[in-house]
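# Show me how the following folds:
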Amino acid sequence: MAKVKNIALLAVVVVLGYLGWRILFPNPERVIRSRLEDLARTVSFERGGGMLAQAYDISKVIEFFTVDVEGRVELRGLQPVSFSGRDEILNYAALARKKLDFVSVEFPDIKVKLGSDKQTAVANVTARVTVNDPADYWVQEVRFVLRLVDGRWMIHYVETVKVLAFLRPVQREGTLAGC
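Residues are numbered from 1 along each chain as shown. Purely as a prediction, here's the structure:
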């Protein structure tokens, strides 16, 4: 009987030790995924709220980026945008809040590759973006380069990725070829 209690107690200690280890020393890839999911929630918004609340929400966006962040994004229906520094991101976030009624960003697929130095990582993300009309969305591939800064994973570079476009099929004798 005492032996069963000791084994059960040992099992509980091992499980608690494992959970404690995971909490104190989380997997960097999991931390990065969580951080990017937080970014998606932070940039999503619905019109409303006071000006102070909106300003606070906008200011939270830049907390995900390094001071010297750079990037180039191409969004559907808009001219490509290049930016350098947090201030430009802040300006674009404020402009989006002013011009748009609704933005929803989700990252349903995040693939993280940790650098050999364990201080950098690349995250290839599928972004599902909805603007103004919840029934109308588009999917965009995005590449984030992150750095570990003072114990936090920060985005240092971001770019949209052009995926393969459909080739225009060539017709030959009633069949489609070239696809």
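# Now for residue 94: which residues touch it?
Residues in contact with residue 94 (Cβ atoms under 8 Å, 6 or more residues apart in numbering) are residue 58. C-betas here are computed from N, CA, C, even on glycine.
# got the buried residues for the host helix or strand of it?
Using DSSP states H and E, residue 94 sits in helix 86-99. Within helix 86-99, the residues scored as buried using 16 or more other Cβ atoms under 10 Å are 86, 88, 89, 90, 93, 97.
# neighbours around residue 112, how many?
Residues lying near residue 112 (other Cβ atoms under 10 Å) number 20.
# what does residue 140 give?
Other residues lying near residue 140 total 18 when counted by other Cβ under 10 Å.
# list the buried ones in the helix or strand hosting it?
Here residue 140 sits within strand 137-149, counting by DSSP H and E. Buried residues in strand 137-149, counted by 16+ other Cβ under 10 Å: 140, 142, 144, 145, 146, 147, 148.
# Let me have those residues in CSV, extended by distance to residue 37 and pLDDT.
Output for the buried residues of strand 137-149, formatted as CSV (distance: Cβ to Cβ, whole Å; pLDDT from 0 to 100):
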residue, distance to residue 37, pLDDT
140, 16, 91
142, 13, 96
144, 12, 97
145, 18, 97
146, 14, 97
147, 19, 97
148, 18, 95
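# of the residues you listed, closest to residue 158?
Residue 158 lies nearest to residue 144 out of these, by Cβ to Cβ, at 5.3 Å.
# show me the contacts for that closest one.
Contacts of residue 144 (Cβ under 8 Å, 6+ apart): 36, 122, 123, 125, 155, 157, 158.
# and the residues you listed as CSV, adding pLDDT and neighbour count?
CSV is the format used below for the contacts of residue 144 (pLDDT from 0 to 100; neighbours: other Cβ atoms under 10 Å):
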residue, pLDDT, neighbour count
36, 97, 21
122, 97, 15
123, 97, 23
125, 97, 22
155, 97, 21
157, 97, 17
158, 97, 22
